[in-house]
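[1] Coordinates for the following, if possible.
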Amino acid sequence: MTTPDTDVLDTGTGLQQLMGDRALYQQILLRFRQRYEDAPAQARAASAAGDHVVAARIAHTLKGAAGMIGARQVARLAHALESGGNDSQLAALEAALQALLRQIEVVLQEDHKAAPAPYVASHMPTSLALVQHLASLLDCGDGAAVDVIEQSADALSHTLGQECYLALREQVLLFDYEAALALLPADVLPD
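    Below you'll find the model as predicted:
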């Protein structure tokens, strides 16, 4: 996975965030593309309706998700918008997001040619690292935790057990990150 502009999408950083799990990274790129392509328009609509709290929440979630995949430019612009940005910053975010979505498509097409191996139980160390990564996202209130919980169901369920995973997923989807953290084993929690 290489990209001509690492400010648009630094796949090395994205893979590092996920402990090198290429298959998970591909899933998160797909999810990012599906979930966030309309985020600037949604933020614009919320702002136009006078709901600046919702606009800031959209920008915050986009910032976390962009940071997780290695999209530094989008993360910076979303942060600026979250911090009380204006229409010109929103326009810059829209343009940067479009460039990012094009780059994601390139990366996904490259990776499709070299299909990843499916998840197997021998990936347990990676799964434990994934749980630790999720714990870190939950601890700092990063909206990217939703993507991880949805895209890594098999690995998380295998590592934590089905019952724990389902309870964890419910709390994450309710954005109750404190309750979700309380469900994780103490040995994976951030210091």
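[2] what does the lowest-mean-pLDDT helix or strand in the chain contact?
    Least confident element among the helices and strands of the chain, by mean pLDDT, DSSP states H and E: helix 124-139 (a mean of 75). Contacts to helix 124-139, defined as Cβ atoms under 8 Å, 6 or more residues apart in numbering, come from residues 17-21, 24, 64, 68, 144-145, 148-149, 152, 155-156, 158-160, 172, 177, 180-181, 184-185, 188-190. Backbone N, C-alpha and C define where each C-beta goes, glycine included.
[3] can you do 6 Å?
    If you take Cβ atoms under 6 Å, 6 or more residues apart in numbering as the criterion, helix 124-139 is touched by 19, 21, 144-145, 148, 152, 155, 159, 177, 180-181, 184, 188-190.
[4] Give the buried residues for that helix.
    126-135, 137-139 (16 or more other Cβ atoms under 10 Å).
[5] and of those, the nearest to Ala75?
    Taking Cβ to Cβ as the measure, Ala75 lies nearest Leu137 of the buried residues of helix 124-139, at 14.0 Å.
[6] Quick one: distance of the host helix or strand of Gln98 to the chain centre.
    Here Gln98 sits within helix 87-113, counting by DSSP states H and E. Relative to the centre of its chain, helix 87-113 is centred 14 Å away, using Cα atoms, centre = their mean, to the nearest Å.
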